[in-house]
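Chemist: quick one: sequence plus predicted model below, questions after.
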Amino acid sequence: MDDLRPFSYAILTLVGEGGAGPHDIVRMMRQGRVYWAAADSHYYAEPKRLERLGYLISEKRPGRTHERTHYALTPRGRHALREWARKPSAFPRIQHEAVVRVLAGDIVGDDAILESFSGLRRDLAELASRLDVADAVIDTLPHRERYLRLVHSLGRALLRVHEEWADEVERALGARVTQT
């Protein structure tokens, strides 16, 4: 299983017991961007790679305009996911641009940081909206309902913490900017 990366397990999980097409995987990952972010192209490429390695199988299914690929777990994929799930979870890898901007404050100045936070605020609002959509479909996935509720609880907490931190940064830097 050395050929599997953390992202591979995310894809195997999203394919799940019911299977999923690439468009489904992209939609789910966009809704779950608060937990994991990658380019859409990776969400299309990784299932193909996992199929070549024997973790997924695919079949063509009718779509609205053309046939669509639908992936399902193989026994090897299910086994890999079960083995991986038992391993200790580490603290998540974080690439936090807003933190780096704040750390660069002595070089770039408070105004630049405050200006950049408009993007963070926009993303927080978008992510909250996506969680609302994800919450709305929980009842359609009874096999994952309790797990989705737990994950969405973390998502809401992450958004709350980021909003509180953004408030703190804006208050601290805004007060400093008005004094100079």
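Modeler: Cool, the structure landed.
Chemist: for the longest helix along the chain, packing partners?
Modeler: Longest helix of the chain, by residue count under DSSP state H: helix 145-179. Helix 145-179 makes packing contacts with helix 97-103, helix 110-136 when contacts are defined by 3 or more C-beta pairs under 8 Å, 6 or more residues apart in numbering; DSSP states H and E. All C-beta atoms are positioned from the backbone trio N, CA, C, and that covers glycine.
Chemist: redo that, cut-off 6 Å
Modeler: helix 110-136 (3 or more C-beta pairs under 6 Å, 6 or more residues apart in numbering; DSSP states H and E).
Chemist: for the helix it packs on, list every residue counted as buried.
Modeler: By neighbour count on 16 or more other C-beta atoms under 10 Å, the buried set for helix 110-136 is D110, I113, L114, F117, L120, L124, L127, R130, L131, A134.
Chemist: surely the fifth one touches A98?
Modeler: Yep, that's L120 we're talking about. Yes: in terms of C-beta atoms under 6 Å, L120 counts as a neighbour of A98; the distance is 5.0 Å.
Chemist: mind checking pLDDT for R30?
Modeler: R30 is assigned 82 on the pLDDT scale.
Chemist: what's the answer for E168, then?
Modeler: 96.
Chemist: also A90?
Modeler: The model reports A90 with a pLDDT of 90.
Chemist: same question for H23.
Modeler: 89.
Chemist: roughly how far apart are it and L124?
Modeler: As judged by C-beta to C-beta, to the nearest Å, H23 and L124 stand 26 Å apart.
Chemist: tell me the domain ranges of this structure?
Modeler: Under the assignment automatic domain parsing, the domains of the chain span 6-85, 97-179.
Chemist: please identify the deepest-packed of the ones you listed.
Modeler: Highest mean neighbour count among the domains of the chain (mean count of other C-beta atoms under 10 Å): domain 6-85, with a mean of 16.
Chemist: chain center to it: distance?
Modeler: Its chain's average C-alpha position is 14 Å from that of domain 6-85, according to C-alpha atoms, centre = their mean, to the nearest Å.
Chemist: okay, now that domain: how far is its last residue from its first?
Modeler: 11 Å (C-alpha to C-alpha, to the nearest Å).
Chemist: can you check stretch 64-82 too?
Modeler: 34 Å.
Chemist: average pLDDT for that stretch, rounded please.
Modeler: 95.
Chemist: who touches it?
Modeler: 1, 12, 15, 19, 21, 47, 54-61 (C-beta atoms under 6 Å, 6 or more residues apart in numbering).
Chemist: which residues of this structure score low on pLDDT?
Modeler: In the predicted model, the chain carries pLDDT under 70 at residues 1, 175-180.
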